[in-house]
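*Asks:* sequence plus the predicted model coming up.
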Amino acid sequence: MQRFYDWYAPKARGDNPGRAWDLALKQKGSLFGSELARALKEDSDAQAKVQGEIVGPDFDPFLSAQDPCERYEVGRLASKGNSYLVDIHGVCSGKKHEKVDVAAELIQKNGHWLFVDFRYPKDRNLLTVLKSLRESREKPAKWSSSALRMDWQII
């Protein structure tokens, strides 16, 4: 866990083209459970189709941040049924956050640990966020620009 965050945090803070979590999925894809990897890939594909607009998470889902800290430290480990939750704390300007930034949910499969979800404050989690974003992308827009122009012409 700590090795992943030591690798990932600089990527999230850097001037990399694209989103750091897309890079993590490409370079470290074996660390992600199939459901989470599929949801992240679907989100990435949807974002790639749209220029100049954010249609996916507007925060880093592995850090729960828009402005990542320079480092992240793994904290407490807790059992949750068949999985484990690992607290992740940001370290900004040399000071470790007292509150948990994100909790990584992991399972062990074939002797390897896999990320299966990320949990945020206020009972939110990444899989639910990605599902909600996917559903909102699938809904037809209520107003198209041509419909708005027609409405203005009528008035």
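*Replies:* Sure thing, it's come through. Residues are numbered from 1 along each chain as shown.
*Asks:* can you count the residues close to Y84?
*Replies:* A count of nearby residues for Y84, using other Cβ atoms under 10 Å, gives 18. Bear in mind the C-beta positions are built from the backbone N, C-alpha and C, glycine included.
*Asks:* got the confidence number for the residue nearest to it when sequence neighbours are not counted?
*Replies:* Once flanking residues are discounted, Y84 sits nearest to L106: 5.0 Å by Cβ to Cβ, 6 or more residues apart in numbering. L106 is assigned 97 on the pLDDT scale.
*Asks:* dump the residue contacts of L106.
*Replies:* Shown in contact with L106 (Cβ atoms under 8 Å, 6 or more residues apart in numbering): M1, S83, Y84, L85, V86, W113, L114, F115, V116.
*Asks:* before we move on, what SS does L85 have?
*Replies:* For L85, the secondary structure call by DSSP: H, G, I helix; E, B strand; the rest coil comes out as strand.
*Asks:* identify the bridge partners of it.
*Replies:* A78, E105 (DSSP bridges).
*Asks:* so it is in contact with A104, correct?
*Replies:* Yes - judged on Cβ atoms under 8 Å, L85 makes contact with A104 at a distance of 7.2 Å.
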